[in-house]
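> Next one to model:
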Amino acid sequence: MQRATSAVVTAFFIGRLSDEIGRRTAILIAIGVSRMSTVLFVFADSIPLLFLARIMSGFAIPLAAGAGTAWVAELCENRCTGASLTAGFTLAGLGLGPFLAGVLAQLTQEPLTLPFLALMMLALAAAVIALLVPETVKRLVARLGELSLRPRIGVPRALIPAFTAPAVTAFSTFSLLGFYSALTPSLLEQALHLHNSGGIIFELYAVAALVLVLTRWLTARAAMLAGLALLKGKVAIVTGASSDSQFRL
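Numbers count the residues shown, from 1 in each chain. So this is what the prediction gives:
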């Protein structure tokens, strides 16, 4: 809850910060905040510190995601290719994170420390890559007083009909993905007595990334209709599996 609230507030107020300070600078700030959050997670010995770590993590995620998405789109000559790359790597990261964390937690003697240390190393690698990639924002804000944190949210009136369907589809899809990711660990632990659900979460996002690659030839309308149709089946299966597990318990 704390991370989600922080992420929403960050996206609302500084989602376009990279337009002013540059993609690289925004990414590096996000990486720095993420590393501080990781340090707090490692040494946190109280609920308030855990809350602070989650809030900082929620600050870093949308800042990095927004700047990274714009950066990839600007570096790619084909904007559709840039969007596909961003979505694919996002899904891959969402799947690899729980999987690698679960493996490290299960096979080592420091389950609450080593996954965060691995995350810090990945953040360092991301910072190095960001320093090597060319900046795409040509006009950067020179002084701190020139920065504008004024929210700017809106869709051109002519694009509202075309924007509505993808927005509703994306909201429904990612809502179910988040619900599934949150539900699966407790369901597996209670019903099957499995304490490492990283593999199941990885399977979900790995299949999503693979489907994204294999269905690029579909039109947007066909892809959305097929995805929404399949979502109904998934909801039915997850609901049935949950009910059956509770009945057997």
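> Mind exporting the C-alpha coordinates of stretch 92-110 to PDB?
Extracted in PDB, the C-alpha atoms of stretch 92-110 (Å, rounded to 0.1, in the frame of the first residue of the first chain):
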ATOM      1  CA  ALA A  92      10.600  -9.800 -17.900                       C
ATOM      2  CA  GLY A  93      11.800  -7.800 -15.000                       C
ATOM      3  CA  LEU A  94       8.600  -8.400 -13.000                       C
ATOM      4  CA  GLY A  95       9.100 -12.100 -13.600                       C
ATOM      5  CA  LEU A  96      12.800 -12.400 -13.000                       C
ATOM      6  CA  GLY A  97      12.700 -10.400  -9.800                       C
ATOM      7  CA  PRO A  98      10.600 -12.800  -7.700                       C
ATOM      8  CA  PHE A  99      12.300 -15.800  -9.300                       C
ATOM      9  CA  LEU A 100      15.900 -14.700  -8.500                       C
ATOM     10  CA  ALA A 101      14.900 -13.400  -5.100                       C
ATOM     11  CA  GLY A 102      13.300 -16.800  -4.300                       C
ATOM     12  CA  VAL A 103      16.300 -18.800  -5.500                       C
ATOM     13  CA  LEU A 104      18.700 -16.600  -3.500                       C
ATOM     14  CA  ALA A 105      16.500 -16.800  -0.400                       C
ATOM     15  CA  GLN A 106      16.100 -20.500  -0.600                       C
ATOM     16  CA  LEU A 107      19.700 -21.500  -1.300                       C
ATOM     17  CA  THR A 108      21.600 -19.200   0.900                       C
ATOM     18  CA  GLN A 109      21.900 -18.600   4.700                       C
ATOM     19  CA  GLU A 110      21.000 -14.900   4.300                       C
END
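> hmm, who's touching that stretch?
For stretch 92-110, contacts defined as C-beta atoms under 8 Å, 6 or more residues apart in numbering pick out 111-112, 114-115, 118, 177, 181, 196-199, 201-206, 208-209. Backbone N, C-alpha and C define where each C-beta goes, glycine included.
> what mean pLDDT does the helix or strand hosting residue 236 have?
In the assignment (DSSP states H and E), residue 236 maps to helix 220-248. Here helix 220-248 scores 72 as its mean pLDDT.
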